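K.L.:
structure here, sequence nowhere to be found:
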């Protein structure tokens, strides 16, 4: 066992729920500092578990006992373990080094004051920088040809207001800190708003996803300034795409987030499963524009029939929401056979843009409860893929108790990333305190973090803001997640929350956790997320330390880096 992943002692302390638990004869909550746990300013990443219970991800780090509450008119700071700290690398008001028209700031459009002037409710549109992608690259340029921009960069697409791509130059001074890379594609069309992002080391391109349905899809972009951006709508299709990952074969795994229709009567707060998981098999992994095959994940139910949209009665929304297939999928211990079903092949279907969601339904793909993101387990040879479901984000949903209303995490296992068949099971079932799961990242080989995007309605219903939770993939069955971030609410988001619903007010309310990202920035194939074993906050052995970033979306739109205190 690697010395950075071996168990260490557990000492008394509160769990993520604020109480002291006993598991396997040991108190679980705060982790003691092992002999080599602290090395200068770095912490080695390890994971400790008792039966069905995770204790912590990093030695010497105390779980945060409780979430921040949602109190009208009251702002609150983020809560991190006392052994950790965070520092901003950019915030919404950070000026772009090369502003262009309405694109003036990292997280705001230049269309109004950043906060409402006295007697008004008008404020600048917040662009919500989303998924972070960290890269260590040489010889990158910016708007100032005489400036050396360093080699450490953090890339984002923006989710609201208007579409653009930014690059945080982590080594640069404030004047050169954030570069506007692109606002339009190579054909001169405005970019859509973006959600997900990933680095493809085979094509040496960034991939950005847009969840705008038939206006959404995947765009590829060069990392240097100015970025050349190309739509892949005729290659990978159009859909509510969000999470993107690349496997060792150069295949693109896409997790779609498309909200379904509400049910009727008692099911009015529940939503029909309407999103799919896709895999794109490129003809040439070094050039995605050469075309390839798009597949959809099909899950075979316990009755040996595929779980499909509409069940046996197409369009039966209520029956779909409360189907036996949805219940079985969200029950611990069930295993399902899976197939990858072809829905589009550029060799025979051409390169005209197509509706992937519609083709997925027609081909018998399995609809899910708003999956958003996924990650490959490090060291698994890209044979284990974990992806979440956001669920209905409403405490009143009739689907909550047994039909996936709270969302959760599913585990897909295959013999190889290229396999067309596999097995799937429920890894974690959400509940009222742990739901709306969104971004994900492995801290260690066995410890994966999922963050919440529960939304203002559920924040009010449970009187709790969002948190980031650590789960142990070695546990089969229920487990108690460990809270590693209790997100607060900045003053700007507190004001926005109070203004929500005001006619003409366009911005979001409470803060949301997004862009949680753990990477050493290696741009080679060796740096694929899921290939190397993360050693969070510690050197990877090749001179590239693993770094942790996250964005406190909405409000001030601050992007943070987590470091040891």
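P.N.:
On my side now, so go ahead. Predicted model only: the values in this text are computed from it and were never measured.

K.L.:
could you verify my assumption that residue 111 touches residue 105?
P.N.:
No - using Cβ atoms under 8 Å, residue 111 is not in contact with residue 105, being 10.5 Å away. For glycine as for every other residue, the C-beta is placed from the backbone atoms N, C-alpha and C.

K.L.:
overlap of the contact sets of the two?
P.N.:
Common contact partners of residue 111 and residue 105 (Cβ atoms under 8 Å, 6 or more residues apart in numbering): residue 124.

K.L.:
neighbour count winner among these two?
P.N.:
It is residue 105, of residue 111 and residue 105, that has more neighbours when counted by other Cβ atoms under 10 Å, with 24 against 15.

K.L.:
now for that one: which residues touch it?
P.N.:
Contacts of residue 105 by Cβ under 8 Å, 6+ apart are 92, 93, 94, 95, 96, 99, 124.

K.L.:
pretty sure the first one contacts residue 126?
P.N.:
Yes - contact criterion Cβ under 8 Å: residue 92 and residue 126 qualify, at 6.4 Å.

K.L.:
what residues are shared contacts of the two?
P.N.:
Residues touching both residue 92 and residue 126 (Cβ under 8 Å, 6+ apart) are 107, 108, 555, 557.

K.L.:
now do the contacts for the third one.
P.N.:
Residue 555 makes contact with 92, 126, 489, 490, 491, 492, 493, 494, 496, 510, 511 under the criterion Cβ under 8 Å, 6+ apart.

K.L.:
is it in a helix, a strand, or coil?
P.N.:
At residue 555, secondary structure determined by DSSP: H, G, I helix; E, B strand; the rest coil is coil.

K.L.:
and the most centrally placed residue in the chain, which helix or strand is it part of?
P.N.:
Centroid-nearest residue in the chain, with Cα atoms, centre = their mean: residue 439, separated by 1.9 Å. Residue 439 is part of strand 437-442, with elements assigned from DSSP states H and E.

K.L.:
same question for residue 364.
P.N.:
Residue 364 is part of no helix or strand when elements are defined by DSSP H and E.

K.L.:
what is the burial count for it?
P.N.:
A count of nearby residues for residue 364, using other Cβ under 10 Å, gives 16.

K.L.:
was I right to think it contacts residue 341?
P.N.:
Yes - counting by Cβ under 8 Å, residue 341 is a contact partner of residue 364 at 6.2 Å.

K.L.:
name the residues contacting each of these two.
P.N.:
Common contact partners of residue 364 and residue 341 (Cβ under 8 Å, 6+ apart): residue 298.

K.L.:
the closest residue in space to residue 268 that isn't next to it in sequence bridge partners, please.
P.N.:
Spatial nearest neighbour of residue 268, excluding adjacent residues (Cβ to Cβ, 6 or more residues apart in numbering): residue 262 at 5.5 Å. When assigned by DSSP bridges, residue 262 has beta-bridge partners residue 271.

K.L.:
which residue ranges of the protein form helices?
P.N.:
Listed in chain order, the helices of the chain (DSSP state H) span 317-321, 324-329, 346-349, 356-362, 455-462, 491-499.

K.L.:
next one: the first one to chain centre, how far?
P.N.:
I take that to be helix 317-321. Counting by Cα atoms, centre = their mean, to the nearest Å, helix 317-321 is centred 27 Å from the centre of its parent chain.

K.L.:
repeat for the fourth one
P.N.:
Between the centre of helix 356-362 and the centre of its host chain there is 23 Å, according to Cα atoms, centre = their mean.

K.L.:
tell me the buried residues in it?
P.N.:
For helix 356-362, the neighbour count (16 or more other Cβ atoms under 10 Å) marks 356, 357, 359, 360, 361 as buried.

K.L.:
per-residue pLDDT of the fourth one, please?
P.N.:
If I follow you right, that is residue 360. Model confidence at residue 360, given as pLDDT, is 98.

K.L.:
that one contacts residue 276, correct?
P.N.:
Yes - counting by Cβ under 8 Å, residue 276 is a contact partner of residue 360 at 4.4 Å.

K.L.:
any common contacting residues for these two?
P.N.:
Shared contacts of residue 360 and residue 276 (Cβ under 8 Å, 6+ apart): residue 296.

K.L.:
where are the low-confidence patches of the stretch 1-150 of the chain?
P.N.:
1-61 (pLDDT under 70).

K.L.:
so where do the strands sit in the stretch 151-300 of the chain?
P.N.:
Assigned by DSSP state E, counting those that start in this stretch, the strands in the stretch 151-300 of the chain fall at 152-157, 165-169, 178-182, 197-200, 205-210, 217-221, 229-231, 241-246, 252-256, 277-282, 292-300.

K.L.:
which strands or helices does the first one pack on?
P.N.:
Here strand 152-157 is seen to pack against strand 133-136, strand 165-169, strand 197-200, strand 205-210 when contacts are counted using 3 or more Cβ pairs under 8 Å, 6 or more residues apart in numbering; DSSP states H and E.

K.L.:
also the fifth one?
P.N.:
Judged by 3+ Cβ pairs under 8 Å, 6+ apart, the packing partners of strand 205-210 are strand 152-157, strand 197-200, strand 217-221, strand 241-246.
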